[in-house]
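Visitor: Build me a structure from this.
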Amino acid sequence: MSVSDLPEELVPLSWLIGRWAGVGLGQYPTIDDFRFGQEVSFTTDGRPFLAYASRSWLLDDDGEKVRPLATETGYWRPRPDGSLEVTMAHPTGYAELWLGTVEVLGIENATITSARATMSTDVIAASPSAKPYTAGERLYGLVNGELMWTYDMAAVEQPLTNHLSARLRPAE
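Guide: Down below sits the predicted model:
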């Protein structure tokens, strides 16, 4: 589907559409630092939202997969005013509503070359067995054709602190 075929609301997020893969770093005051591999996909069926799926796995010092880590799925709903609503669900017992904004920072030859989406948790619903998690902030950016993202988290009695960051490249 070309950008001209997308609903108008999706055009500012068109830079995300596709499959991305790469490596990231994880850290938090309560755990040892780690490297992870990640695959992310953003797809559309022509309606004004993106379906989102992410999976990651722990990497050893040689870059080999050790075991699965996080999985999350959801929907990104850009609004006509530049705001963004994102829902995510996790098998670890969470469902989240994120609110944020989308900004297109560069366009060349009718193609978005630089952009960012920022968001913060508005609602976190947790199952009784889920670990304590109270807030999150995420930043996704298109930089030199790569998807860069970072995630700050407040959990297990820790204040909002960087937890994850990754650099992903187009995988198709």
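Visitor: And the pLDDT for the residue of the chain positioned farthest from its centre?
Guide: Distance from the centre of the chain peaks at residue 109, with 26.4 Å (CA atoms, centre = their mean). Model confidence at residue 109, given as pLDDT, is 88.
Visitor: Check the one 3 residues further on too.
Guide: You'll see residue 112 listed with a pLDDT of 93.
Visitor: same question, residue 5
Guide: So residue 5 comes in at 85 (pLDDT).
Visitor: which non-adjacent residue is nearest it?
Guide: Excluding the flanking residues, the one nearest residue 5 by CB to CB, 6 or more residues apart in numbering is residue 46, at 7.4 Å. No exception for glycine: its C-beta is placed from N, CA and C like everyone else's.
Visitor: Which secondary structure state is assigned to that neighbour?
Guide: Under the three-state scheme (DSSP: H, G, I helix; E, B strand; the rest coil), residue 46 adopts coil.
Visitor: residue boundaries of the strands in this protein?
Guide: Using DSSP state E, the strands of the chain run over residues 18-28, 31-43, 50-59, 65-78, 83-90, 94-108, 111-126, 133-143, 146-155, 161-170.
Visitor: what's the spacing between the fifth one and its chain's center?
Guide: Strand 83-90 has its average C-alpha position 9 Å from the chain's average C-alpha position, going by CA atoms, centre = their mean, to the nearest Å.
Visitor: can I get the CA coordinates of it in PDB?
Guide: Extracted C-alpha coordinates of strand 83-90, given in PDB (Å, rounded to 0.1, in the frame of the first residue of the first chain):
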ATOM      1  CA  SER A  83      -1.900  13.400  18.900                       C
ATOM      2  CA  LEU A  84      -1.400   9.600  19.300                       C
ATOM      3  CA  GLU A  85      -3.300   6.900  21.200                       C
ATOM      4  CA  VAL A  86      -1.600   3.600  21.600                       C
ATOM      5  CA  THR A  87      -2.900   0.400  23.300                       C
ATOM      6  CA  MET A  88      -0.500  -2.400  24.200                       C
ATOM      7  CA  ALA A  89      -1.000  -5.800  25.800                       C
ATOM      8  CA  HIS A  90       1.700  -8.000  27.400                       C
END
